[in-house]
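Build the 3D model from these lines:
(one chain, ligands or ions: 1)
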Amino acid sequence: MIPDSSPGEHSAGTENDRPVTENPIVGIIMGSKSDLKIMSAAADLLRQFNIPYDITLVSPHRTPHRMVEYAESARKRGLRVLICGGGGAAHLPGMVAAFTTLPVIGVPINSTLSIQGLDSILSMIQMPAGTPVATVGLDNAANAAVLAIQILALNNARLADALEKYRTTLKDRVMRTIEELRK
Ligand code: RP5
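Below is the predicted model of the structure:
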């Protein structure tokens, strides 16, 4: 059940900034701790929208059995969307997608192992028919969260409304800059 409150009500530095872990509906996973600095942007955004999530490491190469277990049990555990980040030979989103029918959003990461991230991007977007990974831009974990929220908002009026407000904030920011440039 998605809590019924609005985004932005958790202000920085409060107790509410801690990860929301009770009854998570979005799972954020990544191949390595080194991915966390990128992937934490997804968690930040979900927190803003008051969406419970869990975040953990699942490596397709170093902990392959954990990956299968995570993906196979995800729906039963109440997760509704998965956000998977990886760099280099970024097999995590694709392999997770093979083991679940939940929507999987991939975040290609420009890690030290990457050829400027192009390898990660191609690992995610070139999925065979029937097993898609919705791939966002390089290092763009925030967009992965927005896409997850959009999926959840399909049958949640509170979230749909919150997304409208979020878009208005983005628009207002641009309008303010336009005004400042006029001065
Ligand atoms: C991938 O290899 C991870 O997703 C990470 O982006 C990259 C490098 O991992 P570390 O060597 O930093 O653990 O599997």
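
helices and strands around the longest helix anywhere in the chain, which ones?
If each helix of the chain is counted by residues according to DSSP state H, the longest one is helix 157-182. In this structure, helix 157-182 packs against helix 141-152, with contacts taken as 3 or more C-beta pairs under 8 Å, 6 or more residues apart in numbering; DSSP states H and E. Any C-beta I mention is one placed from the backbone N, CA and C, and that applies to glycine too.

still on that earlier bit, so which bits of the longest helix of the chain are buried?
158, 159, 162, 163, 166 (16 or more other C-beta atoms under 10 Å).

With residue 61 as the reference, measure out to the fourth one.
Counting by C-beta to C-beta, to the nearest Å, the separation of residue 163 from residue 61 is 35 Å.

do the same with the third one
Taken as C-beta to C-beta, the spacing of residue 162 relative to residue 61 amounts to 37 Å.

Show the contacting residues for residue 89.
61, 113, 119, 123 (C-beta atoms under 8 Å, 6 or more residues apart in numbering).

In which helix or strand does it reside?
Assigned by DSSP states H and E, residue 89 belongs to no helix or strand.

Just want the phi and psi numbers for it.
The phi/psi pair for residue 89 (degrees, to the nearest 10) reads phi -80, psi 80.

Return the per-residue confidence for it.
If you check residue 89, the pLDDT there is 95.

Please apply the same query to residue 114.
86.

part of a strand, is it?
No: using DSSP: H, G, I helix; E, B strand; the rest coil, the assignment for residue 114 is coil, not a strand.

Might one say that it is in contact with residue 86?
No: at 9.6 Å, residue 114 does not count as touching residue 86 under the criterion of C-beta atoms under 8 Å.

Quick check: neighbours shared by the two?
residue 120.

more neighbours, the two?
Comparing residue 114 with residue 86 by other C-beta atoms under 10 Å, the one with more neighbours is residue 86, at 32 against 20.

Contacts only, for that one.
30-31, 35, 60, 92-93, 106-109, 120, 123-124.
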